[in-house]
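>>> Here is a sequence with its predicted model. Questions after.
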Amino acid sequence: MTKNNDNGQERGELDNEGSVGKKERVAVYPGSFDPVTYGHLDIIKRSARQFDRLVVAVLNNTSKNPLFSVEERMELLAEVTKDLPNVEIDSFRDLTVRLVKSKNGDVIIRGIRSVTDFEYELQLASTNHLLDPDIDTMFMMTNPKYSYLSSSIVKEIAMFEGEVRELVPPEVEVRLKEKIALRKK
């Protein structure tokens, strides 16, 4: 059972012994993460500090032709977030709001790099709110040093054997080079 304070805000839930406990704050950070970049990792780390549990969810988008499979992207995310105990890696092929509900969450995290991102993300957030008004979207501005960074740029640089060390974690750099080499054969 949930109790409200004088402002009508949720204070917590009764546990099995009848005491009021704090409701776990759960957020979902969905994306393709193909591959995960330092920009993604920045948003993950900052979001993990704000919530009790953060679900980083890899979108299984059948209309895209990803470099890494869903399983590979999940493995890479697990590797680069292993020091964040409240981060869980998952995948989905459904409406984001359904995933959030299935994880007992009520917040969707979205990273914003530019005004162009904001216009698109605002459209998504408005649509998600229409689908489920109980789920909020939290926009996080990316660290300015990653404002230009995208997975597409990383893949293009790697495809032409450019240096990606400053753009992705070392584990991702190794797997990216391996994957590009296999595709070139």
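Right, received. Where do you want to start?
>>> does the residue sitting nearest the centre point of the chain count as helix, strand or coil?
Nearest to the mean C-alpha position of the chain, counting by Cα atoms, centre = their mean, stands Tyr29 at 2.7 Å. The local conformation at Tyr29, judged by DSSP: H, G, I helix; E, B strand; the rest coil, is strand.
>>> and the gap between it and Arg93?
Distance, Tyr29 to Arg93, using Cβ to Cβ, to the nearest Å: 17 Å. In this view, the C-beta of every residue, glycine as well, is placed from N, C-alpha and C.
>>> Do I have it right that Arg175 meets Pro35?
Yes - in terms of Cβ atoms under 8 Å, Arg175 counts as a neighbour of Pro35; the distance is 7.3 Å.
>>> sorry, back to before: how about the residue nearest to the centre of the chain, what does it touch?
Under the criterion of Cβ atoms under 8 Å, 6 or more residues apart in numbering, the contact partners of Tyr29 comprise Ile43, Ile44, Ser47, Leu54, Val55, Val56, Ala57, Ile108, Ile109, Arg110.
>>> switch to 10 Å and redo it
For Tyr29, the contact set (Cβ atoms under 10 Å, 6 or more residues apart in numbering) comprises 40, 43-44, 47-48, 51, 54-57, 77, 87, 107-111, 138, 140.
>>> just Gly162 next, same as before
If you count contacts by Cβ under 10 Å, 6+ apart, then Gly162 has Ile153, Val154, Glu156 around it.
>>> In these, which residue is surrounded by the most others?
Val154 (24 neighbours; other Cβ atoms under 10 Å).
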